[in-house]
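[1] Following is a predicted model, sequence given first.
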Amino acid sequence: MDDSTSDISRTALVLLVCIACVTALAPPSTVGAPNDGEQTYVITQGDQEIEIVPVGNGTQTVEEFYDYRTPETHDPPDYLYSSYGTTEYQEDDTSVLMLYEGSDGLSLILLHDKLEGDTRGGSITMQIDGLPEEGEWVIEDDTYTDYGGPLDSFDHDGTSSRITWIWSEGRSDGGAFNGGLDGEDWEITIEPYFNENADYRYEDPVGYDGQVDDWKVISGDGESFTSTSLQSIDEPITITSGGPLRCRYRASLRLHPRLDPGKRSS
C-alpha cells in the first residue's frame, strides 16, 4: 500500500471515530423536549436537572392567565379564592411550578392543589431567594380583605420572600411573580416546607389538614405540556436560565436520575 492510500485510510478512520463520538455524546430525546432556538430554563435539585420551556404564547398577562377569583371579583359560585385559569395544570395533593410567557414578559407561577378537586386542603411554606429587584408578586393568592379564616402570609424583603399558604378542601392556592426574568442573569432558590413543616398549620375538621405529597415542574410543548416530579418535597431547588436549545447539550451529558418526563397532558 503506497503512502497516498495510507493517508486516505487514516483520514477515513478519523472521520469514523469523530462520527461515533458525536453519536455517543448526543443527549437522549425526551417527551416535550424544546424545539430549536427556544429559550430554556433548568430546575436543579441535588443531582436531578429538569429542562423546561415556559407555557403561554404571549397573548395574556400573567394575571389574566392565572384568573384569580374572589367574592370581590366574581359572583357565586365562581369565587373560591383560587386560580380558575390554570386548572389544567393543577393536581390533587400536588404543588406545581411553571414559568409563563405572557404579554407582560416572563413570570414564575406557583400552584398548590386542585380547584374543586378531591383534597382536604393543606399548608406549605416556601423561602424564595434571588428574586429580581425590579419584579413583584403580582398575584398573592390569597390576601383576604374581609374574611375570618386563616390568613396566608406573604413576607417580602428585597430579593427574598417567605410565603406560607393555607387552603381549604376543594380549593387551590398559589402566586405569581413578574418582572426582571426576561434576561439570563438571575438564579432563584426555593426552600420548601410542606405539610407539618410549614411555618403554621391549621387543623380543622372541615378540611385544611390535607397532605401534599408531590412537587412537580411544568414544561410547555405547544398546545400540550409535560409535568415532571421532583425527587423530593423536602430539598431546595434552583431555577436558572438554560439559554437557547443549543446550550442544553452540555447539561444533558450529566447524570439525570429521572429521564421520564412524567405525565403528558393535552
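    Okay, I see it.
[2] Can you show me the strands along the stretch 151-266 of the chain?
    153-157, 160-167, 173-178, 187-194, 214-221, 224-229, 237-244, 264-265 (DSSP state E, counting those that start in this stretch).
[3] residue contacts, the closest residue to Phe194 other than its chain neighbours?
    For Phe194, ignoring the flanking residues on the chain, the nearest one in space by Cβ to Cβ, 6 or more residues apart in numbering is Ile233 at 4.8 Å. In this view, the C-beta of every residue, glycine as well, is placed from N, C-alpha and C. Contacts here follow Cβ atoms under 8 Å, 6 or more residues apart in numbering; on that basis Ile233 touches 95, 192, 194, 212-215.
[4] Would you point out the helix or strand in this protein whose mean pLDDT is lowest?
    Ranked by mean pLDDT, DSSP states H and E, the weakest helix or strand in the chain is helix 248-252, scoring a mean of 38.
[5] quick one on the thing from earlier: ok, of the contacts of Ile233, which come out buried?
    95, 192, 194, 212, 214-215 (16 or more other Cβ atoms under 10 Å).
[6] which one of those is nearest Trp167?
    Of all the buried ones among the contacts of Ile233, the one sitting nearest Trp167 is Val212; the distance, using Cβ to Cβ, is 10.2 Å.
[7] Thought Gly122 was touching the closest one, still the case?
    Yes - under the contact definition of Cβ atoms under 8 Å, Val212 touches Gly122, with a separation of 4.9 Å.
[8] okay, and the common contacts of the two?
    Listed as contacting both Val212 and Gly122 by Cβ under 8 Å, 6+ apart are 93, 112-113, 195.
[9] Let's see which of those residues end up in helices.
    The helices in this structure, assigned by DSSP state H, contain none of those.
[10] Make a markdown table from those and add distance to Gln60, pLDDT and neighbour count to it.
    Putting the shared contacts of Val212 and Gly122 into a markdown table (distance: Cβ to Cβ, whole Å; pLDDT from 0 to 100; neighbours: other Cβ atoms under 10 Å) gives the following:
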| residue | distance to Gln60 | pLDDT | neighbour count |
| --- | --- | --- | --- |
| Asp93 | 28 | 97 | 17 |
| His112 | 22 | 97 | 30 |
| Asp113 | 23 | 96 | 30 |
| Asn195 | 33 | 96 | 16 |
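[11] Right, I'll call it a day here.
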